[in-house]
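Enquirer: have a look at this fold, sequence not included:
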């Protein structure tokens with residue numbers, strides 16, 4: 001596959017060898033996969049091809065009903081968004097002074113130790129720059 005390339009239905013059916021036209025039509029109709037609509041007809045991006053491969057794998061390995069497949073894909077989409085958000089947060093934290101990073105680390109550790117219960121700022125000792133040396 002080529003970066004940025006869009007594929008026709010026929011090309012997708014060749015690339016995803018376990019995909020059938022009826023499955024493709026059903027997943028598009030149920031909006032689990034949403035191709036780009038062009039004057040030449042629907043075009044599938046690389047992310048669509050990857051989704052279709054995942055859908056075929058899930059369907060073949062677990063025999064999930066179409067609505068369950070849609071739910072699983074929605075959950076996977078949410079995980080991808082959370083992962084991107086977490087990476088952005090980690091990059092932002094990496095740019096902060098060590099004192100801020102240590103305080104955040106302490107708050108997280110406190111929350112995890114309490115089963116995810118919210119730790120208020122007064123529950124977390126203030127960081128002492130002398131402790132970081």
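Expert: Great, that's in hand. Source: prediction; values computed, not measured. Residues are numbered from 1 along each chain as shown.
Enquirer: CA atoms for contacts and neighbours, from now on please.
Expert: Will do.
Enquirer: how about the contacts made by the residue nearest to the spatial centre of the chain?
Expert: Taking C-alpha atoms, centre = their mean, the centroid of the chain lies closest to residue 80, which sits 1.2 Å from it. With contact set as C-alpha atoms under 8 Å, 6 or more residues apart in numbering, residue 80 has no partners.
Enquirer: quick check: mean pLDDT of the helix or strand harbouring residue 83?
Expert: Using DSSP states H and E, residue 83 sits within helix 66-94. Averaging pLDDT along helix 66-94 gives 95.
Enquirer: list the buried residues for it?
Expert: 66, 69, 70, 72, 73 (16 or more other C-alpha atoms under 10 Å).
Enquirer: and the next helix or strand past it?
Expert: With secondary structure assigned by DSSP H and E, helix 66-94 is succeeded by helix 98-113.
Enquirer: output the contacting helices and strands for that following helix.
Expert: Judged by 3 or more C-alpha pairs under 8 Å, 6 or more residues apart in numbering; DSSP states H and E, the packing partners of helix 98-113 are helix 66-94.
Enquirer: could you give the angle of the helix it packs on to helix 98-113?
Expert: 140 degrees (axes from the mean of the first three to the mean of the last three C-alpha atoms, to 10 degrees).
Enquirer: report the distance from helix 66-94 to the chain centre.
Expert: In this view, helix 66-94 has its centroid 3 Å away from the chain centroid, taken as C-alpha atoms, centre = their mean, to the nearest Å.
Enquirer: list the contacts for the residue nearest to residue 12 when sequence neighbours are not counted?
Expert: Once flanking residues are discounted, residue 12 sits nearest to residue 49: 6.7 Å by C-alpha to C-alpha, 6 or more residues apart in numbering. Contact analysis of residue 49 by C-alpha under 8 Å, 6+ apart lists 12, 15, 16.
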